[in-house]
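1. Okay, structure incoming, though there's no sequence with it:
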């Protein structure tokens with residue numbers, strides 16, 4: 001029977017490894033115990049074996065010559081998390097950039113990632129689900145439904161995973177269906193009215209056909225009070241289904257059909273005003289009790305929201321061809337996302353304080369096809385070779401509605417604060433309105449291969465190469481009813497005058513953009529087994545990220561040119577160690593990477609509104625060391641942790657077109673979303689009572705040093721958008737049936753109630769700063785009950 005690369009059989013995935021673990025789940029005996037081990041042998045250990053598909057074939061993690069962290073889906077769930085955002089507390093090199101809506105969120109690895117509001121730019125950290133690359137970062141932040149594990153591949157992974165992996169890959173692998181009937185029913189309650197429910201069932205459909213289906217529902221009121229709307233916000237409501245059917249057509253051919261559908265209605269994440277404005281807005285916001293990251297109130301008359309619906313299907317075929325395996329993955333994904341945003345952060349328009357409301361529905365469709373050939377393992381030469389094609393099309397209609405009020409007959413609500421109304425004869429106002437219709441099509445074709453030459457039983461040489469051909473098409477048309485703050489003039493083909501980015505006469509025709517590019521990227525590595533328990537490696541990787549365009553609502557001619565491709569040269573050395581009869585894993589990594597034509601967002605003032613636009617920001621570098629540990633001194637006791645030191649900084653900043661010297665970011669400035677120190681440490685202990693249930697105890701701590709959120713040329717802005725270092729501690733306790741038939745677990749998140757912000761940016765009213773406060777910034781508790789039956793026991 002074929003060993004499938006996207007549904008590997010794992011003897012002991014152990015919840016997470018290295019760099020991060022959800023400790024509550026670590027104590028589950030089935031994950032650390034050979035099936036033949038007697039249940040009473042609590043102090044015996046069979047060791048730790050972790051299988052990954054980081055190189056598109058099943059391998060033991062300790063034999064893979066690159067830096068990988070593995071986090072189980074159960075570990076994220078046990079930690080109280082619902083999506084990839086929570087993985088950042090378990091993997092020190094991984095950071096998550098939270099935004100007002102899911103459309104603009106981003107992942108960072110080793111301090112490198114892409115924040116962009118453009119529809120024609122791709123992420124630097126690729127999100128992959130069951131071998132299917134997601135075209136936009138926001139697609140990867142959905143619910144982690146029935147996930148077996150998450151593999152975090154640090155550093156450029158372009159050889160095997162493509163162009164939008166210049167900083168790394170986060171690969172999610174679903175649980176495989178079983179060949180016997182069984183299932184799980186799970187329900188959770190967390191304070192502040194958060195409810196979650198999931199049900200999974202395995203159904204054999206025949207001797208050689210297996211299926212697995214999961215349904216889920218969750219909702220949460222939120223952690224911020226909106227006094228203008230008299231309701232709590234920053235919550236969510238999610239529901240959906242996921243299914244997989246796996247059929248063995250013969251001893252040599254297996255087909256896997258996967259499908260999922262999800263709907264989300266989030267009012268996350270309203271930005272609080274964390275510092276006092278210098279104008280009359282300070283009075284309008286006085287009821288929010290402005291106090292930095294301790295602020296938990298807003299006063300906004302538009303509910304910031306994300307309304308999202310997504311679905312996808314894929315078919316994977318694995319077929320034996322002699323001693324080789326051919327894998328084909330065909331996939332189609334559809335993602336509809338509507339962003340609704342209050343852009344003035346006030347409860348109404350006032351004289352001198354304009355109201356700005358945004359609405360931006362977007363549709364995205366992606367088709368992809370991968371075909372690869374893998375040789376058997378163990379020969380002198382091992383290889384993986386393949387072809388890849390994808391077409392990702394996105395279109396967005398973004399509208400901005402502004403009320404500019406210069407006078408009003410309404411009485412002042414406070415000295416210097418006069419509200420406005422749109423009622424005739426009451427206020428003197430104008431209503432600038434702009435709408436932009438813009439879109440992009442990314443077409444990507446690639447051929448790739450990686451070869452391992454087993455020089456001896458201990459020494460291996462690895463080489464890989466990928467040829468990429470890109471075509472990026474873009475279009476943009478903005479119509480404006482009336483010019484004014486936040487809405488600049490029309491943007492159409494008249495401005496371009498047959499391609500030149502200079503002012504011209506509007507003709508109402510969309511600007512058409514096109515960029516074609518190709519690239520060779522690759523990898524070279526040497527790997528040596530120093531002893532039976534220690535492997536060392538050194539590698540060089542050339543990474544690539546394709547061209548981009550600035551396509552967003554307030555685009556002007558300064559930002560209209562192409563963003564050139566980004567390249568990276570990366571070096572890594574590592575030691576992977578097993579000690580104490582394979583019960584202790586200690587991995588050490590050192591890395592250095594230099595990025596040229598780094599694609600980064602820079603703040604800019606367009607039509608009176610602070611925006612960020614993508615530029616080739618010059619060259620940046622990241623260097624550091626990582627240490628990961630996983631220790632299982634007994635079957636009942638587990639310790640895990642990780643530590644990362646990352647020095648990511650600007651080497652040579654390049655000013656964008658039209659910028660002044662005052663907009664230059666000083667060389668040596670630390671990159672945003674890149675704390676120098678970050679670590680996690682945790683432990684779980686299982687008390688086997690011999691009674692009706694065992695007792696599980698767990699604790700998990702994470703810490704990070706100060707972190708910059710806005711890469712600004714202004715030192716004062718950088719200081720104001722830097723979060724001080726902080727740590728959070730979670731604890732848990734549970735009762736677990738000795739036969740794994742049921743469990744009840746309770747947990748306290750952020751035990752010491754450590755407040756912090758997950759984003760601080762400039763651009764609030766009166767020079768104030770906008771903060772996003774995550775759920776994890778407050779102490780809360782939850783209880784989860786779970787019942788397993790049949791094959792899930």
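-> Received the coordinates, thanks. Since we're looking at a predicted model, the values are computed, not measured.

2. And the strands in the stretch 451-600 of the chain?
-> 459-480, 511-531, 534-545, 548-549, 562-563, 566-579, 584-596, 599-606 (DSSP state E, counting those that start in this stretch).

3. out of those, deepest packed?
-> Highest mean neighbour count of these: strand 548-549, a mean of 27 (counted as mean count of other Cβ atoms under 10 Å). Backbone N, C-alpha and C define where each C-beta goes, glycine included.

4. neighbours around residue 278, how many?
-> 11 (other Cβ atoms under 10 Å).

5. Quickly find the element holding the residue most central in space within the chain.
-> Nearest to the mean C-alpha position of the chain, counting by Cα atoms, centre = their mean, stands residue 107 at 4.2 Å. Element membership of residue 107 [criterion: DSSP states H and E] is strand 106-109.

6. If you count neighbours, what's buried in that strand?
-> 106, 107, 108, 109 (16 or more other Cβ atoms under 10 Å).

7. Can you lay out the residues you listed as TSV showing distance to residue 353 and pLDDT?
-> Compiled in TSV, the buried residues of strand 106-109 are given as follows (distance: Cβ to Cβ, whole Å; pLDDT from 0 to 100):
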residue	distance to residue 353	pLDDT
106	31	86
107	36	90
108	35	93
109	40	94
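
8. Report the separation between residue 97 and residue 675.
-> Distance, residue 97 to residue 675, using Cβ to Cβ, to the nearest Å: 12 Å.

9. and if you look at residue 225?
-> The value you get for residue 225 to residue 675, if Cβ to Cβ is used, is 30 Å.

10. Residue 379: how many residues sit nearby?
-> Other residues close to residue 379 by other Cβ under 10 Å number 11.

11. Enumerate every residue touching it.
-> Residue 379 is in contact with residue 454, counting by Cβ atoms under 8 Å, 6 or more residues apart in numbering.

12. Longest strand in this structure, please.
-> Counting by DSSP state E, the longest strand found in the chain is strand 381-408.

13. now that one against strand 459-480, angle please.
-> Orientation check (axes from the mean of the first three to the mean of the last three Cα atoms, to 10 degrees): strand 381-408 against strand 459-480 gives 20 degrees.

14. Look up which residues are beta-bridged to residue 620.
-> Beta-bridge pairing of residue 620 under DSSP bridges involves residue 595, residue 650.

15. Relative to residue 124, how far out is it?
-> Counting by Cβ to Cβ, the separation of residue 620 from residue 124 is 11 Å.

16. So which of those two has more stuff around it?
-> Neighbours per residue (other Cβ under 10 Å) separate residue 620 from residue 124, with residue 124 holding more: 30 against 27.

17. Hmm, residue 113 and that one touching each other?
-> Yes: Residue 124 lies in contact with residue 113 (Cβ atoms under 8 Å); the separation is 5.1 Å.

18. So residue 379 versus residue 250, what's the distance?
-> Distance from residue 379 to residue 250, by Cβ to Cβ: 25 Å.

19. do residue 266 as well
-> Distance, residue 266 to residue 250, by Cβ to Cβ: 45 Å.

20. Compare neighbour counts for residue 225 and residue 675 and give me the winner.
-> Each of residue 225 and residue 675 has its neighbours counted (other Cβ under 10 Å); residue 675 has more, 22 against 16.
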